[in-house]
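Asker: Mind folding the following:
(one chain, ligands or ions: 1)
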Amino acid sequence: MSFDGDLTRSTAAALAAAIKGGDVTAAEVTQAHLDRIAKVDEKVHAFLHVDTEGALAKAAEVDAKRARGEQLGPLAGVPLALKDVFTTKGVPTTCGSKMLQGWVPPYDATVTRRLREADVVILGKTNMDEFAMGSSTENSAYGVTHNPWDLSRIPGGSGGGSSASLAAFEAPLAIGTDTGGSIRQPASVTGTVGVKPTYGGVSRYGLVAFSSSLDQGGPCARTVLDAALLHAAIAGHDPMDSTSIDLPVPDVVGAAKLADVKGMRIGVVKQFDGDGYQDGVRQRFHESVDLLRELGATIVEVDCPSFDYALPAYYLIAPSECSSNLARFDAMRYGLRVGDDGVNGVEEVTSLSREAGFGPEVKRRIMLGTYALSSGYYDAYYGSAQQVRTLIMRDFDRAFADVDVLVSPTTPTTAFKIGERADDPMAMYLADLCTIPSNMAGNAGMSIPVGLAPEDGLPVGLQIIAPAMADDRLYRVGSAVEAALNGKWGRPLIQEVPSL
Ligand code: GLN
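Answerer: Numbers count the residues shown, from 1 in each chain. Reported below is the predicted structural model:
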């Protein structure tokens, strides 16, 4: 093997190039990551299921392709960690829930299929808050995931397993889903890159639904370019998803290579600053804004008054949709079945199974949603929340008439301690304060690491938001900041992650 350096510390782009160039085999790359998982995942618990056999078989297939002289794609042979909310044919899919314990899907999600077609090596399925409801991965029925920066802290949620796998160098690429922030918030608190593409930009077929009008799958990585390569691999129209956008995917890879913000207009959202934001988060955020100015962007302050209502409106819309989506878990078609003793009727079995299969947060959301949708309350709750959604879209429209992208901190604080917010749902919900508006409007958002908070030494994320189908702008801005910061810190920020 003539690859220079530790395979698990490499970028996806470098690994793909090394495999293509014959410096290393896909089998060696995969084995190095499987070894790393075996070494550290007992402490991190990023994975719910490691598919050793499937990963090595895929790697062997890539090596055989190369040996036959076939053209390899831009991510061929690169390992990836897949959030356990995407169906994988023949590989367990639990959504972090007891309800789906032991379920092995008979089909691949479109994202899964595209990854396979791109010759990406799927290492396994990552831990998550049950049915993607949460901000800390503490709501998983299979135990918490630990933040590799400090094992006593949360890795964010709901996609904490995916983000932790990147920060722990168990995988160079991962996939998440973002309904209210579950890609960007975990990226922020683990010092990694996470992108929520434009709603409809990545197919939802085979993504187990939480809140269908908000859910969006997207790429997670340690660098902006790696995220772009993954974005390009999974995005694009899919006739199997009726909300999939039938337009060409923006040139995210080209934009990531451009790394230039000269002449861009960048809006700082007035609402996302001040009280409630940790000092070190504000400090790194303001430094990032200064940096963007130095790099040649024009900075303007932008007022989005309706954003103040985004969180309450989200906690009506998301639970309402989830109460309907999760009705399918009736113990008849798939998943857990409790009380099927030949005496209990269908309704009793359904109700016993849902009682046993769903955790407290999922039950809370189903009750909230059912209440909000009941006749007599519909206009007061769900209807009003939808009106707020329209106001949020209008704020974005006004802002984007003047600026190319918006920026804010990704999360108000750095990673909090495991257990700290477990009994306080409101405090937990606040973690998504800055990310939720983009889900409500369906536009695109990214989080990139911009340094560590001086008071606790933990990663801080910068959020970049672009209009729908202008996802390329995220990559243009993100890569420019990344390049400038790596110059400043003398090394990629992610390389600072403490020892495991
Ligand atoms: N934390 C938010 C929630 O609990 C967002 C979750 C997500 O994006 N999947 O709903």
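Asker: Low-confidence stretches in the protein?
Answerer: Within the chain, the segments meeting pLDDT under 70 span 1-2, 4, 490-492, 498-499.
Asker: any idea which residue sits dead centre in it?
Answerer: By CA atoms, centre = their mean, the chain has its centre lying nearest to Ile183, at 2.1 Å.
Asker: pretty sure that residue contacts Gly160?
Answerer: No: using CB atoms under 8 Å, Ile183 is not in contact with Gly160; the gap is 11.0 Å. Backbone N, C-alpha and C define where each C-beta goes, glycine included.
Asker: give the contact list for the residue of the chain positioned farthest from its centre.
Answerer: Here the centre of the chain is the reference, and by CA atoms, centre = their mean the most remote residue is Val343, at 43.8 Å. Taking CB atoms under 8 Å, 6 or more residues apart in numbering, we find Val343 in contact with no residue.
Asker: can you tell me how far it sits from Asp330?
Answerer: Here Val343 is placed at a distance of 18 Å from Asp330 (CB to CB, to the nearest Å).
Asker: Which strand or helix spans the nearest residue to Cys304 once chain neighbours are set aside?
Answerer: Distances taken as CB to CB, 6 or more residues apart in numbering put Asp395 closest to Cys304, at 3.9 Å, once the chain neighbours are dropped. Per DSSP states H and E, Asp395 falls inside helix 384-400.
Asker: Distance from the chain centre to that helix, please.
Answerer: 23 Å (CA atoms, centre = their mean, to the nearest Å).
Asker: quick one: buried residues of it?
Answerer: 384-386, 388-389, 391-393, 395-396, 399-400 (16 or more other CB atoms under 10 Å).
Asker: Of these, just say which sits nearest to Val302.
Answerer: Nearest to Val302 among these: Ala399, at 4.7 Å, using CB to CB.
Asker: Just confirm that closest one contacts Val302, I think it does.
Answerer: Yes: applying CB under 8 Å, one finds Ala399 in contact with Val302, separated by 4.7 Å.
Asker: so what's in contact with the two at the same time?
Answerer: Taking CB under 8 Å, 6+ apart as the criterion, Ala399 and Val302 both touch 267, 269, 406.
Asker: If you rank those by neighbours, which is first?
Answerer: When neighbours are counted by other CB atoms under 10 Å, Leu406 leads the shared contacts of Ala399 and Val302 with 25 neighbours.
Asker: now whichever strand or helix holds it, how far from the centre of its chain.
Answerer: Counting by DSSP H and E, the element that carries Leu406 is strand 405-409. Remark: strand 405-409 is offset 18 Å from the chain centroid, using CA atoms, centre = their mean.
Asker: ditto for stretch 116-132
Answerer: 11 Å.
Asker: Just confirm yes or no for that stretch near the ligand.
Answerer: Yes: against the ligand, stretch 116-132 shows contacts by CB under 6 Å from any ligand atom at Ala132.
Asker: First-to-last residue distance for that stretch?
Answerer: The stretch stretch 116-132 measures 23 Å between its terminal residues, going by CA to CA, to the nearest Å.
Asker: before we move on, what about stretch 141-161?
Answerer: Using CA to CA, one end of stretch 141-161 lies 13 Å from the other.
Asker: buried sites along that stretch?
Answerer: 141-142, 144-151, 153-161.
Asker: Give me every residue in the stretch 51-200 of the chain lying close to the ligand.
Answerer: So the stretch 51-200 of the chain meets the ligand at 132-135, 158, 177-182 (CB under 6 Å from any ligand atom).
Asker: want to throw those into JSON lines with distance to Gly218 and secondary structure?
Answerer: Putting those into JSON lines (distance: CB to CB, whole Å; DSSP: H, G, I helix; E, B strand; the rest coil) gives the following:
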{"residue": "Ala132", "distance to Gly218": "13", "secondary structure": "helix"}
{"residue": "Met133", "distance to Gly218": "18", "secondary structure": "coil"}
{"residue": "Gly134", "distance to Gly218": "18", "secondary structure": "coil"}
{"residue": "Ser135", "distance to Gly218": "17", "secondary structure": "coil"}
{"residue": "Ser158", "distance to Gly218": "13", "secondary structure": "coil"}
{"residue": "Thr177", "distance to Gly218": "7", "secondary structure": "strand"}
{"residue": "Asp178", "distance to Gly218": "6", "secondary structure": "coil"}
{"residue": "Thr179", "distance to Gly218": "11", "secondary structure": "coil"}
{"residue": "Gly180", "distance to Gly218": "13", "secondary structure": "coil"}
{"residue": "Gly181", "distance to Gly218": "12", "secondary structure": "coil"}
{"residue": "Ser182", "distance to Gly218": "10", "secondary structure": "coil"}
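Asker: Just among the residues you listed, which is most surrounded?
Answerer: Sorting those by how many neighbours each has (other CB under 10 Å) puts Ser182 first, at 36 neighbours.
Asker: From Gly54, how far out is that residue?
Answerer: From Ser182 to Gly54 the distance is 25 Å (CB to CB).
Asker: Could you do Val460 as well?
Answerer: Val460 is 36 Å from Gly54, by CB to CB.
Asker: Of these two, give the one with the bigger neighbour count.
Answerer: More crowded of Val460 and Gly54, by other CB under 10 Å: Val460, with 30 against 17.
Asker: Can I take it that that one is in a strand?
Answerer: Yes: counting by DSSP: H, G, I helix; E, B strand; the rest coil, Val460 falls inside a strand.
Asker: Report the contact partners of the closest residue to it other than its chain neighbours.
Answerer: Once flanking residues are discounted, Val460 sits nearest to Arg284: 4.1 Å by CB to CB, 6+ apart. Neighbouring residues of Arg284 by CB under 8 Å, 6+ apart: 450-453, 460, 462.
Asker: can you do 7 Å?
Answerer: 450-451, 453, 460 (CB atoms under 7 Å, 6 or more residues apart in numbering).
Asker: repeat for Gly160
Answerer: 127-128, 136-137, 145, 154, 186.
Asker: TSV for the residues you listed, including distance to Gly218 and secondary structure?
Answerer: TSV is the format used below for these (distance: CB to CB, whole Å; three-state DSSP):
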residue	distance to Gly218	secondary structure
Asn127	18	coil
Met128	14	coil
Ser136	19	coil
Thr137	17	coil
Thr145	19	coil
Ile154	20	coil
Pro186	12	helix
